[in-house]
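Visitor: Next comes the sequence, and after it the predicted model I'd like to discuss.
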Amino acid sequence: MPNMLPQDINHKRLLILTFILFICYLYVGISLSVTPLFVAHTLKLNNVWAGLSVGSAFLVTILTRGLAGSFSDQQGAKLSVSRGLCLYLLGATFSFCSGLVTNDPWLAYTILIVGRIVLGIGESFVMVGIIGWCIGFVGPERSGKAMALVGVAMYGALAIGGPLGIYLFNHVQFSGAMLISLILPSLGLVAIWPIPPVPAHPDLKRPSFFTIITQIWPYGTIVCLQGIGFAVIGAFFSLYFHANHWPHSGLGLTFFGVGFVLVRMLCGNLPDRIGGLSVTIGSLLIEALGQTLIWDASNPYIALAGTFFTGLGCSMVFPGMGREVVRIVAPHLRGTALGGFSAFQDLAYGFTGPVAGLVADILGYKTIFLLGAATSIIGFGLAVILRFNKHKHPA
């Protein structure tokens, strides 16, 4: 058998890393589906607290993405992923303990929030590290494909983790679901051990994190606006179904994930071929359609179709805009830039939960999906402006 070429070896490593991310991210998917149910139905707290319980993990990543990116650039992506997986284990342990003290709802909620915060920090280190590791293997010219595969792993895990979490919640309660989730990051730590690291850059001159953000903020803003559609599905879709007495509430993330993964599998190299902005413009219109279908749904099947279209639309925005970010920063700043870029998406995930929960308490669950459609249209408009300016003033 002939020796494998370096690009073949690196492609194989890329696939292995994305599969490892899939296994680990199942924990995130399980916790995302069961946490709002645990808060609203077991602890009997209102929608604002349910939204905050989901959003708290994403809020803390806003503060730690830059730290994670800098750590990955200077200490290495492999070490970043290892640290993140250890934090996953700690976060799952806190969440498990929360489910043991439900007789005191506020104590249980406080412990849960600690676990969600630890999970958020771990997620920063894992995601930034995995993306940096993958791009380190395949190079910036294939960064769009690398980020697309990372997204396949993440949202494929969410698609499976959603119904799996609901199943575990119904059969072994919240604490049982979190105990089972402890296995997943443990497997990840074992699996990454034999994979070689990519070079770190500890000694090169580095501008401030704020300077890097000023370069990438337009692309990050688009990702933020896109992320609201997913955030309202993750935080409130199951509660929306329960309020309407509809079946199949656990399939919301599944339909979203199927649409999301389908596009990335079929069109993962599209940003590298035709440009990230062109892909993003079409994607945001599809996301707006999906959110509108959920808002106007008269039955659960239309709502599930809406999550599918939302997944189709959300799928290529992050790799499309991420490709633009990778192309405008120096290689030794790539992890920091991607960390800051990812923080914009976390901003959407973090603030959407509590804000949408307040809207839901006042105007009902349907309205928050109309909000998701509106923000998708705003993102579409910004992407059109950026594309026009890019063609008017090419680099």
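Guide: Ah, there it is. Numbering: from 1, shown residues only.
Visitor: All the strands of the protein, in order from the start?
Guide: Secondary structure of the chain (DSSP state E): no strands present.
Visitor: Low-confidence ranges, it, go.
Guide: Within the chain, the set of residues satisfying pLDDT under 70 comprises 1-8, 203-204, 391-395.
Visitor: Longest helix in it, please.
Guide: Of all the elements of type helix in the chain, the one with the most residues (DSSP state H) is helix 143-181.
Visitor: Just give the number of residues close to residue 130.
Guide: Residue 130 has 29 neighbours, counted by other CB atoms under 10 Å. (C-beta placed from N, C-alpha, C; glycine too.)
Visitor: who touches the residue positioned nearest the centre of the chain in this structure?
Guide: The structure's the chain has its C-alpha centroid closest to residue 154; by CA atoms, centre = their mean the separation is 6.8 Å. Residue 154 makes contacts with 21, 22, 25, 28, 127, as judged by CB atoms under 8 Å, 6 or more residues apart in numbering.
Visitor: just residue 150 next, same as before
Guide: In this structure, residue 150 makes contact with 18, 21, 127, 130, 131, 134, judged by CB under 8 Å, 6+ apart.
Visitor: With residue 74 instead?
Guide: Under the criterion of CB under 8 Å, 6+ apart, the contact partners of residue 74 comprise 200, 201, 202.
Visitor: Check residue 158 too.
Guide: Residues 25, 28, 29, 32, 234, 253, 256, 257 are the ones in contact with residue 158 under the rule CB under 8 Å, 6+ apart.
Visitor: can you count the residues close to the residue nearest to residue 95 when sequence neighbours are not counted?
Guide: Spatial nearest neighbour of residue 95, chain neighbours left out: residue 115 (3.8 Å); criterion: CB to CB, 6 or more residues apart in numbering. By other CB under 10 Å, 25 other residues sit near residue 115.
Visitor: I'd say residue 115 and residue 88 touch.
Guide: No - look at residue 115 against residue 88 with CB atoms under 8 Å: they stay out of range, at 10.3 Å.
Visitor: Give me the distance between stretch 24-35 and the centre of its chain.
Guide: In terms of CA atoms, centre = their mean, to the nearest Å, the centre of stretch 24-35 is found 11 Å from the chain centre.
Visitor: Quick check, residue 350 in contact with residue 58.
Guide: Yes - contact status for residue 350 versus residue 58: in contact at 3.8 Å, counting by CB under 8 Å.
Visitor: Report the buried members of the contacts of residue 74.
Guide: Of all these considered here, the ones buried according to neighbour count by 16 or more other CB atoms under 10 Å are 200, 201.
Visitor: Switch the contacts of residue 74 over to TSV; also include distance to residue 224.
Guide: Listed next are those as TSV, based on distance: CB to CB, whole Å:
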residue	distance to residue 224
200	29
201	28
202	31
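Visitor: just curious, which of the contacts of residue 74 is nearest to residue 144?
Guide: Nearest to residue 144, judged by CB to CB, of these is residue 201 at 22.3 Å.
Visitor: Kindly check the end-to-end length of stretch 34-54 for me.
Guide: Between the opening and closing residues of stretch 34-54 we find a distance of 10 Å, counting by CA to CA, to the nearest Å.
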